[in-house]
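Student: this one's structure only:
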């Protein structure tokens, strides 16, 4: 076979092709190596970030678990445990145990509850933080540290520079930054020297968010709303409402909050901008308005927040269709709140971000009594609006048309909530409980059926006759209804005797004068007795009712008053959402923990409250509110309030600051009762977790090598009396 000679040109072409393939292969290899080289740190960084996130999640569980142990560990001495209706109740052994114990009590930072700290001095029943002797402000081996300014990026510690938006805290916080808690293969552990078993670390601070005003509810439109007439709960008449009668935390006056020590307070127009953004549709803001120049309408604002059917845990779902389909909105995170305030602008020489030390975005309360909770079978407070079921008396003064006697659903509901039925024969109410026969006594409340109005009165103020309890209830009913007919309630076993209510003058019309003649006759009206003759607008207004047990009005202003227990068993607002949230008690947003160390919060609730009825005088002044709030804070600091019954003690501490009459002294009860609570720990846990390791042969505990980091603001609500986490929100902090 003959072989063709290969030319030099062909050989050269082949060499070029081979070299081209070599170059292409080299490029591919280089590209692969380059991609692998660049992907490796990305993958490594992602891995370390995942580790940091897992550390943060574990830290949250540890911190919340320790908080719960503070409540439920009977062995640590902070509680006694009793099971009531299948729910274990942890009653504080002393008033001091109703609030979280504080570690490193920094008076100039009232929101700060505790932080991770070495050799934690926190008293029992609290759990120590497990921190080691390295502060988070000390640089790590690769220069990572947390400044006090960064720790205060939530603005919950007062700012050191009020005229700027800088979150740099007061100098006292510079030496109060948290220490690191090291995590080993065995969990969070106190270490004294570096170890190769360390996989990460975390540090945290806990703030009392439940003692702040919820920015999703508070704030008034400008100009401040005046009198608003709204329909009362059916079948009652319409009523005139004033925000100065309080009844909801939404009517707190934010202009009571100092933006700097001894300095200016927020401009009402600035507060109004917040309301306009938040309640855009509810307050019928003009669609032509642009943020932040929004003008909310006062009247619909009042009507919305007086709606006792709302729990304020969600946004009002209405839209302003067909204009632009806008809705109300809420501050879903603290970061949202900070962003909005930063964009609203300044108030004079003081930056509006100073307001953030008084505001939160996560408030929760279980609307249930705490008084004598270890044996309390009453799982819900009684809604005062139920009194409207009774309507005006089915008999009227001469010349007036009588109201119809209750029938059907109304009659059924009256029996359910009051244990009363109407006697068309004797023209008076009869106390029959859930049966049809007149009762000679009031039975103790049980889990089922739900206790009626008089059972609650009898439980709250025990040791009295059926005549006294029914008469007290009748006096409360006469305060609420708008007629001049003195209420009569017949009880067993005969058509006599009768328990009487109390109207505001010697009655010319008495209920139930039909034969046989009722006995005994009603007591004469005390001189100066005030009858509201309208729906109650806060629970404290029960204090206007005559108490036949003491022959005076109910006492909500004296320390140790047994009458004050009623404050804990009634509510202006009640929504039965237990099934929705799988909780043993109804849940709502808004009320502030009355044990707050942040005194201006209490001042904001008190400012503007009416000390007299009718509202012929001005509300509580700014100076009186500030003084009263300081006295209340001093009282709760010495002895925390365990239940709303303690509000009478706090009113006693205020003395004559607001006024000298009983009515004026009870302004404290009328303002605080519906706006405050004691049973929920609402906390913001600021936790920063870092994954990493120690280098070989490292001897300095501070020289930790940081490889990944994650920060969370954990909003958590824990029921102090059950130890249950009733709600939680985890907010990722992007820095």
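Tutor: Sure thing, it's come through. Keep in mind that what you see is a predicted model, and the values were worked out from it rather than measured. Numbers count the residues shown, from 1 in each chain.
Student: tell me, how many residues neighbour residue 88?
Tutor: 14 (other CB atoms under 10 Å). (Glycine included, C-beta is placed from N, CA and C.)
Student: report pLDDT for it.
Tutor: Here, the pLDDT recorded for residue 88 equals 91.
Student: in three-state terms, label it for me.
Tutor: strand (DSSP: H, G, I helix; E, B strand; the rest coil).
Student: surely residue 155 touches residue 352?
Tutor: No - judged on CB atoms under 8 Å, residue 155 makes no contact with residue 352 at a distance of 10.8 Å.
Student: would residue 590 count as being in a strand?
Tutor: No - using three-state DSSP, the assignment for residue 590 is coil, not a strand.
Student: for the spatially closest residue to it that is not a sequence neighbour, give its distance to residue 476.
Tutor: Using CB to CB, 6 or more residues apart in numbering and skipping residues adjacent in sequence, the residue nearest residue 590 is residue 249, 4.4 Å away. Distance, residue 249 to residue 476, by CB to CB, to the nearest Å: 24 Å.
Student: could you do residue 374 as well?
Tutor: From residue 374 to residue 476 the distance is 27 Å (CB to CB).
Student: neighbour-wise, which of those two wins?
Tutor: residue 476 (27 against 15).
Student: what residues are up against that one?
Tutor: 387, 501, 542, 545 (CB atoms under 8 Å, 6 or more residues apart in numbering).
Student: residue 539 against residue 567, yeah?
Tutor: Yes - between residue 539 and residue 567 there is a contact at 5.8 Å, judged by CB under 8 Å.
Student: so what sits against both of those two?
Tutor: 669, 673.
Student: would you map out the domains in this protein?
Tutor: Domain assignment for the chain by automatic domain parsing gives 69-210+680-732, 213-362, 374-554, 578-586+592-673.
Student: before we move on, the earlier item: ok, now which ones touch the residue nearest to residue 590?
Tutor: 213, 214, 217, 218, 590, 591, 592, 605, 674, 675.
Student: residue 475 now?
Tutor: 487, 501, 502, 545, 546, 547, 548.
Student: most neighbours among those, which one?
Tutor: Counting neighbours by other CB under 10 Å, residue 501 comes out on top of the contacts of residue 475 with 31 neighbours.
Student: gap between that one and residue 566?
Tutor: Residue 501 is 16 Å from residue 566, by CB to CB.
Student: where along the stretch 601-735 of the chain do the strands fall?
Tutor: Ranges of strands within the stretch 601-735 of the chain are 676-677, 680-694, 704-719, 725-732, based on DSSP state E, counting those that start in this stretch.
Student: and residue 142, which of these is closest to it?
Tutor: Using CB to CB as the criterion, the shortest distance between residue 142 and the strands of the stretch 601-735 of the chain is 5.7 Å, found for strand 704-719.
Student: who are the packing partners of that closest one?
Tutor: Applying 3 or more CB pairs under 8 Å, 6 or more residues apart in numbering; DSSP states H and E, we find strand 704-719 packed against helix 8-72, strand 680-694, strand 725-732.
Student: which parts of that strand are buried?
Tutor: By neighbour count with 16 or more other CB atoms under 10 Å, strand 704-719 contains the buried residues 704, 706-719.
Student: which two in those residues are spaced the farthest apart?
Tutor: Checking the buried residues of strand 704-719 with CB to CB, the most distant pair is 707 and 719, at 38.4 Å.
Student: residue 588 is in contact with residue 311, correct?
Tutor: Yes - in this structure, residue 311 is within contact of residue 588 by CB under 8 Å, at 4.3 Å.
Student: next, show the common contact partners of those two.
Tutor: Counting by CB under 8 Å, 6+ apart, the residues touching both residue 311 and residue 588 are 573, 575.
Student: what distance do you get for the residue nearest to residue 245 when sequence neighbours are not counted to residue 728?
Tutor: Nearest non-adjacent residue to residue 245, counting by CB to CB, 6+ apart: residue 537, 4.3 Å away. According to CB to CB, residue 537 stands 33 Å off from residue 728.
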